[in-house]
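Novice: coords below, sequence missing:
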Ligand SMILES: [Zn+2]
Ligand SMILES: [Zn+2]
């Protein structure tokens, strides 16, 4: 038996892979209002704008999971183009947003700018789009200021580069620390529940349960 109110999806999302790092720029929207956010516009802004147009949604905010160039390279440009605020990451990634141009030069990104978000995010903060509300989890380790966006009702999280399908974020970049990363995952992400599905910064998404059971970095095999 189905109830129309229960089966109607409350959110929609599409992934737009951008930059040579194939970063999962995510366009996510509230189905009720068609209001949307762009998570991690790392570059190729015209490609992101085409996806927005095709999805027929109104972007009201840009959310950032952390300050690495492949996640933020197009953020300032997209903010100017859409005239919307940038929320996140955590203040501890300020040193990365202050050196976008420098890291862009190192990795071959042109036309990028240093910038500050309109709002830094901290553990326990909430952000919203349309009728959807997300809790902020501060999950350092991959970068000091990495944040995860969690929607309790949808049983959905966007985890950036903290956790991947079968792997975890690299910790050899400035401010990275493997023990801190594992502590963030085991202390904050696993308790969200096995049924929580996630989109991550690169590659296919997964669920907390699948990773708890099979991810070699969490099962003790690595
Ligand atoms: Zn990263
Ligand atoms: Zn990344």
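Specialist: Nice, thanks for sending it over. Everything numeric here is computed off the predicted structure, so don't read it as measured data. Residues are numbered from 1 along each chain as shown. Ligands and ions are numbered 1, 2, ... in the order given.
Novice: alpha carbons only for contacts and neighbour counts from here, please
Specialist: Will do.
Novice: For this protein, give me the ranges with low pLDDT.
Specialist: Residue ranges of the chain with pLDDT under 70: 1-9.
Novice: got the contact list for residue 195?
Specialist: 155, 207-209 (CA atoms under 8 Å, 6 or more residues apart in numbering).
Novice: Tell me how many other residues surround the nearest residue to residue 212 once chain neighbours are set aside.
Specialist: By the measure of CA to CA, 6 or more residues apart in numbering, the closest residue to residue 212 outside its immediate chain neighbours is residue 218, 6.1 Å from it. Neighbours of residue 218 under the rule other CA atoms under 10 Å: 18.
Novice: Residue 218: which element?
Specialist: Per DSSP states H and E, residue 218 falls inside helix 216-219.
Novice: Does anything pack onto that helix? Which helices or strands?
Specialist: Using 3 or more CA pairs under 8 Å, 6 or more residues apart in numbering; DSSP states H and E, the elements in contact with helix 216-219 are strand 167-168, helix 208-214.
Novice: quick check, distance from that helix to the centre of its chain.
Specialist: Offset of helix 216-219 from its chain centre (CA atoms, centre = their mean, to the nearest Å): 22 Å.
Novice: Which positions within it qualify as buried?
Specialist: Buried positions in helix 216-219, judged by neighbour count with 16 or more other CA atoms under 10 Å: residue 218.
Novice: what sits up against that helix?
Specialist: 166-168, 182, 186, 211-213, 222.
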